[in-house]
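Chemist: Predicted model, plus sequence, below.
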Amino acid sequence: MPPAIHPRWKVLAEPRVRPMVELPWYPPALAKSAVLLRHPWLFGALVPLRVGGLLRLRLRPLERELLILRTGWNCGGYYEWGHHVNAGLLLGRDWAYIKRVARGPDAPGWQTREIVLLSAADELFHDQAISAATWKALAETLGGRARVDACLLVGMYEAAAMMVRSLGVPFDGWSSLPLRLPPPPQADPPGRPAPVPPRRVDTPPPGPGAPALSWFPLSPRGRTLLQSHPWILPSGRLFARLVRGRLSFVGPDCDLVLRRTLVNCGTRAPWARQEWSLRPAAGQTGPRAKTLVRAADELHADRFISAATWSELTAFLDERQLIELCFVVGAYRTLAMTLNAMDPQL
């Protein structure tokens, strides 16, 4: 761990998944790629999905960077935080601005537009949804599609933090910045009740046309919501074609983790109640099922799989399956928080 990094950020001393090429020092932005190349098919499919998605976001650069920084701070995502802090400093931001991001929407000096964006990022982080008041305030500053893009952007960077932290991605030339700020907050404030799964309801089976991926929503209402955005479903179909037959964290293990992630993200929305009735119920019990559920819970609460849980997972999942586990939870959470925000508007 570089000595300049605050010791209370959760940074592993050694990578859990070794980089494809191990170097004493990585050029900027290459350390994460060197780790994810352990699963070349997933890495190759993520590049067009991620780059294409970011290019299509209808958010101004300053709005995008503010959401990324706040999400990285909330999640303890040291890698993305380091990159985007350095980028902001190069583009004229100062340390006073960076410290205000860490303090959040209550810090003095923010404009109304910035307060609303920071509040949306915080609500998505804590509740996987945006309150009616914040959504209304967002409508005064962002268009309809830009509000959905904001949810997707926050979800994408939460998912990136899960993978980077759980896999132990090392620092590189841009991420190991001098960090003298307080540690990131806990994922959920104390006393927050755990979500309760709804009663099973009868819904029509999903029709053709949805991406054939288990982490993509199965519910008709969820697909209807996603169809209102021009690139989410096409990007999912492209990703499905690129990884078809190449993913191995599938079947009952994946179904169990996704059902748990659905419960963690909240099952009160109509799309989620439909999804619960359609999502396959994994009939597993015993230590394996408990370990998978605990991994899903830790990724949800801390955006990080603990050492004890990781050690238990390695007893029955290989390296690629561990990477996929982090990916599917992050991807499904991204879609869930977006649908949670959109569903009341339908």
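Modeler: On my side now, so go ahead.

Chemist: burial of S235, as a residue count?
Modeler: Residue crowding around S235 was assessed by other Cβ atoms under 10 Å; the count is 18. In short, each C-beta sits where N, CA and C put it, glycine included.

Chemist: Spatially nearest residue to it, not counting backbone neighbours?
Modeler: Nearest residue to S235, sequence neighbours excluded (Cβ to Cβ, 6 or more residues apart in numbering): L49, at 5.5 Å.

Chemist: The one you found: helix or strand, and which one exactly?
Modeler: helix 40-56 (DSSP states H and E).

Chemist: Next SSE downstream of that helix?
Modeler: Scanning the chain past helix 40-56 towards its C-terminal end, the next helix or strand to appear is helix 61-75 (assignment: DSSP H and E).

Chemist: Measure how far that following helix is from the centre of its chain, please.
Modeler: Using Cα atoms, centre = their mean, to the nearest Å, we find the averaged C-alpha position of helix 61-75 to lie 13 Å away from the chain's own average C-alpha position.

Chemist: same deal with stretch 329-346?
Modeler: How far stretch 329-346 lies from its chain's middle: 11 Å, per Cα atoms, centre = their mean.

Chemist: Alpha carbons only: can I get it in PDB?
Modeler: Extracted as PDB, the C-alpha positions of stretch 329-346 are listed here (Å, rounded to 0.1, in the frame of the first residue of the first chain):
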ATOM      1  CA  VAL A 329     -24.100  -8.300  -8.300                       C
ATOM      2  CA  GLY A 330     -22.800  -4.900  -9.500                       C
ATOM      3  CA  ALA A 331     -24.600  -5.100 -12.900                       C
ATOM      4  CA  TYR A 332     -27.900  -6.200 -11.300                       C
ATOM      5  CA  ARG A 333     -27.700  -3.500  -8.600                       C
ATOM      6  CA  THR A 334     -27.200  -0.900 -11.400                       C
ATOM      7  CA  LEU A 335     -30.300  -2.000 -13.200                       C
ATOM      8  CA  ALA A 336     -32.300  -2.400  -9.900                       C
ATOM      9  CA  MET A 337     -31.500   1.200  -8.700                       C
ATOM     10  CA  THR A 338     -32.300   2.600 -12.100                       C
ATOM     11  CA  LEU A 339     -35.700   0.700 -12.200                       C
ATOM     12  CA  ASN A 340     -36.400   1.700  -8.600                       C
ATOM     13  CA  ALA A 341     -36.000   5.400  -9.600                       C
ATOM     14  CA  MET A 342     -38.000   5.000 -12.900                       C
ATOM     15  CA  ASP A 343     -40.900   2.800 -11.700                       C
ATOM     16  CA  PRO A 344     -42.900   5.400  -9.800                       C
ATOM     17  CA  GLN A 345     -42.900   7.500 -13.000                       C
ATOM     18  CA  LEU A 346     -44.600   4.900 -15.200                       C
END
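
Chemist: Tell me the pLDDT of G191.
Modeler: Each residue has a pLDDT score; the one for G191 is 52.

Chemist: D202 too?
Modeler: At D202, the pLDDT recorded in the model is 52.

Chemist: And P205, by the same measure?
Modeler: Model confidence at P205, given as pLDDT, is 50.

Chemist: how about S166, secondary structure?
Modeler: The local conformation at S166, judged by DSSP: H, G, I helix; E, B strand; the rest coil, is helix.

Chemist: Share the number of residues neighbouring the residue lying closest to it once chain neighbours are set aside, please.
Modeler: For S166, the nearest residue in space outside its immediate sequence neighbours is I305; the separation is 4.4 Å by Cβ to Cβ, 6+ apart. Each residue near I305 was counted by other Cβ under 10 Å, and the total is 26.

Chemist: what's the answer for F239, then?
Modeler: Other residues within reach of F239 by the criterion other Cβ under 10 Å amount to 19.

Chemist: Then the one 3 residues further on?
Modeler: By the other Cβ under 10 Å criterion, the neighbourhood of L242 contains 16 residues.

Chemist: From L89, how far out is it?
Modeler: When Cβ to Cβ, to the nearest Å is the yardstick, L242 and L89 sit 35 Å from each other.

Chemist: How about residues contacting the helix or strand of the chain with the lowest mean pLDDT?
Modeler: Counting by mean pLDDT, DSSP states H and E, the weakest-scoring helix or strand in the chain turns out to be helix 40-56, with a mean of 80. Around helix 40-56, the neighbours that count as contacts under Cβ atoms under 8 Å, 6 or more residues apart in numbering are 33, 36-37, 149, 152-153, 156, 231, 235, 238-239, 242-243, 246-247, 320, 323-324, 327.

Chemist: try 10 Å this time
Modeler: 20, 32-37, 39, 64, 68, 145, 149, 152-153, 156, 159-160, 163, 229-232, 234-236, 238-247, 320, 323-324, 327, 331 (Cβ atoms under 10 Å, 6 or more residues apart in numbering).

Chemist: Would you mind getting the angle between it and helix 61-75?
Modeler: Between the direction of helix 40-56 and that of helix 61-75, the angle (axes from the mean of the first three to the mean of the last three Cα atoms, to 10 degrees) works out to 130 degrees.

Chemist: List the buried residues in helix 40-56.
Modeler: Residues 42-43, 45-46, 49, 53 are the ones in helix 40-56 that count as buried (16 or more other Cβ atoms under 10 Å).
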